[in-house]
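just need the structure, nothing else, for what follows:
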Amino acid sequence: MSAAKEPFARRTAIVLVVVGTLLAMAAILLGGFSDELSRRLGSMPAADEKNGAGFYALRQLVERTGGEGTLIADRSEVVASPQLVILTPGIDTRPEDVAKLVQEREANAANGYATEDNDGGAYPTLIVLPKWQLAALPLQAHRVERVALLPADKALALIPAKDVGIDYDRPRTLRSASGWSLRAFLAPRDVRLISGKALVPVLGNGGGAAVLARIGKTNTYVLSDPDLLNNAAMKHRANAEAASTLLAALDPVYPGYAVFDASLHYGPGDRNLVKLLFTPPFLAATIAMIAAALLAGIATAVRFGPVLRERRAVALGKSALVDNIAALTRLSGRTLSAGDRYADAAREGVARTLNLPRGLDSASLLDRLDRLGDRPARYSEIDRRLRTARTEAELVAAARQLHAWKEALA
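Okay, the predicted model is just below:
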């Protein structure tokens, strides 16, 4: 029975192994870094979003009115910036990240923190709360639709203050508090308002609820309704003028400047074992282990022959017996002496096979055998080579000729 063919060629098997390994590694990396990929690839920071709910128009307004609207993703730079920082958390932003960033900026303001680029400042911060749950429109870039209002508890969690409530109203006008000279916004249909003991209204409905409020005596402000400053609102000239006045009032030390935060969007994500293995300082050790495994696989694939196993001291079977006798004969140096005996035994065997007379002498017997044919050589010539061989190779060659002569005779 012939051996079964292998289902795949060697090259195909190698390609399948390599591709499978790469896909498995990609699956591991995607699983480990899924949270960061979703943050970076899922959507752009709000200050770069050009849909109606983004704030790209507000950023352009700051730059085109002689100011500077900077988008910063480095959290440490956001904390150290003395200018007005605008935080635009999303529905997936962790409240503790917002609270920690605000606390660090308030600490810098309290300590009069200064750098080479500034002499300290008030470090004002404006938190623009998300309002809507959005869904991207298929095949329409920079277009989204409102799915539903964001639950109140999620919005309240992003405010670093306690005992704050949310309500919706349709005020005819939004009034600025005493001491604030703000221009009027074109209020959306349903304005979301916030109220609480820790909040000081800056812009509201005049009844205690505010759309823009200050947290205590800090320089942290909360805008409860993003529809006053987003791209959809900036389509109206009145809102653009009111937005410029508002930003300048929140930061009189650096009027016209605003830092748009992207660190909340590009957050570090959760820690896990995959990130630990593929980030410094353990990345070098991971690469070394992968390289060692790759080299071991290559060494295994190109290994010559099967694994060598320990043999028996005395092998079993007829062929093993013949091999042992040959090895002993070679070891004793009596290999060439077997030529005469092998020639005599072979000649007697051929004579019996052909029923030749037993009384014939050697010369007559060889003469009769030569008459039978000379393929591959005359028998007498083969017999002479067996008896006169001086090396083991010559002896083996003569024996093969004798075997071929017998095969031709048959």
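
what are the boundaries of the helices in the stretch 51-200 of the chain?
Ranges of helices in the stretch 51-200 of the chain, per DSSP state H, counting those that start in this stretch, are 56-64, 75-80, 95-110, 152-157.

what residues sit buried inside the longest one?
Read it as helix 95-110. Neighbour-count burial for helix 95-110 flags 97-98, 101-102, 104-106, 108-109 (criterion: 16 or more other C-beta atoms under 10 Å). (Glycine included, C-beta is placed from N, CA and C.)

which one of the residues you listed is nearest to residue 321?
residue 97 (83.4 Å; C-beta to C-beta).

how about the closest one: what's its closest non-neighbour residue?
Counting by C-beta to C-beta, 6 or more residues apart in numbering, residue 97 lies nearest to residue 264, which is 5.9 Å off, once chain neighbours are set aside.

residue 105 too?
residue 123 (4.6 Å).

same question for residue 49.
residue 56 (6.0 Å).

the one you found contacts residue 45, correct?
No: judged on C-beta atoms under 8 Å, residue 56 makes no contact with residue 45 at a distance of 9.6 Å.

still on that earlier bit, and the residue nearest to residue 105, what pLDDT?
We have a pLDDT of 91 for residue 123.

so that it lines up with my notes, have the first residue be 4 from now on.
With 4 as the first residue, the last one maps to residue 126.

residues near it, how many?
Neighbour count for residue 126, taken as other C-beta atoms under 10 Å: 29.

now for it: which residues touch it?
Residues near residue 126 by C-beta atoms under 8 Å, 6 or more residues apart in numbering: 84-85, 88, 108-109, 111-112, 116, 222.

separation between it and residue 254?
9 Å (C-beta to C-beta, to the nearest Å).

likewise residue 240?
Where residue 254 is concerned, residue 240 sits at a distance of 23 Å (C-beta to C-beta).

and what of residue 291?
Residue 291 sits 51 Å away from residue 254, going by C-beta to C-beta.

among the helices of the stretch 54-203 of the chain, which is nearest residue 190?
helix 59-67 (17.1 Å).

and the average pLDDT for that closest one is what?
Rounded mean pLDDT across helix 59-67 is 91.

list the buried ones in it?
For helix 59-67, a neighbour-count test (16+ other C-beta under 10 Å) marks 59-62, 64-65 as buried.

then stretch 405-413?
The neighbour-count criterion (16+ other C-beta under 10 Å) identifies 405, 408 as the buried residues of stretch 405-413.

what does that stretch rub up against?
The contact list for stretch 405-413 (C-beta under 8 Å, 6+ apart) reads 349, 353, 375-376, 378-380, 382, 385, 389.

using PDB, write out the CA atom coordinates for that stretch.
Only the C-alpha atoms of stretch 405-413 are listed here, as PDB (Å, rounded to 0.1, in the frame of the first residue of the first chain):
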ATOM      1  CA  LEU A 405      27.500 -12.200 -10.200                       C
ATOM      2  CA  HIS A 406      24.000 -11.400  -9.100                       C
ATOM      3  CA  ALA A 407      23.300  -9.600 -12.400                       C
ATOM      4  CA  TRP A 408      24.700 -12.600 -14.300                       C
ATOM      5  CA  LYS A 409      22.200 -14.900 -12.500                       C
ATOM      6  CA  GLU A 410      19.400 -12.500 -13.200                       C
ATOM      7  CA  ALA A 411      20.200 -12.500 -16.900                       C
ATOM      8  CA  LEU A 412      20.400 -16.200 -17.000                       C
ATOM      9  CA  ALA A 413      16.900 -16.500 -15.400                       C
END
